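**Q** sequence and predicted structure, then a few things I'm wondering about:
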Amino acid sequence: MSPATAEADELWSAVGDPTRRRVLDLLLERGEATATTVAGELPVTRQAVTKHLVVLDRAGLVEGRRRGREVRYAVRPERLDAAARSMARLAAEWDARLTAIKRIAEDLHQRKETR
């Protein structure tokens, strides 16, 4: 597996979970927050939020900064923008594939009707 493929897999895995997407939304709304603060907004434990933040950090979507005894997390906007561009490219590729499949299916249907 190429490094780019591994990175894409990690990104899709990170944003594929609804709780992680909600964590990202909360961090975007607040600018930054601790795992405890985020957990207060979600129906999961602080430990679960911490695990989600580790996955998001590994994917490069958030960054944690220690301030005294707590770690405050924030979204890395440049990485989020890159992820959005990557997803848009993939969506365009799938749209092109689906359009090609549709054309083939319509052509086959047309041939079948003219027989």
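**A** Noted; the coordinates are in hand.
**Q** residue 86 and residue 8 touch, don't they?
**A** Yes: the pair residue 86 / residue 8 is scored as a contact, 6.7 Å apart, by CB atoms under 8 Å. (Glycine included, C-beta is placed from N, CA and C.)
**Q** got the contact list for the most centrally placed residue in the chain?
**A** For the chain, the residue sitting closest to the mean C-alpha position, by CA atoms, centre = their mean, is residue 15 at 2.5 Å. By CB atoms under 8 Å, 6 or more residues apart in numbering, the residues touching residue 15 are 21, 24, 59, 61, 83.
**Q** how about 6 Å then?
**A** Contact analysis of residue 15 by CB atoms under 6 Å, 6 or more residues apart in numbering lists nothing.
**Q** and the one 4 residues further on, by the same measure?
**A** Remark: with contacts taken as CB under 6 Å, 6+ apart, residue 19 is in contact with residue 52.
**Q** re the thing from before, so what does the residue nearest to the centre of the chain have for phi and psi?
**A** The phi/psi pair for residue 15 (degrees, to the nearest 10) reads phi -90, psi 0.
**Q** return the distance of it relative to residue 91.
**A** From residue 15 across to residue 91, the span is 13 Å (CB to CB, to the nearest Å).
**Q** and the longest helix for this structure?
**A** The longest helix of the chain (DSSP state H) is helix 77-114.
**Q** so for that helix, what gets flagged as buried?
**A** Neighbour counts over helix 77-114 (16 or more other CB atoms under 10 Å) mark 79, 80, 83 as buried.
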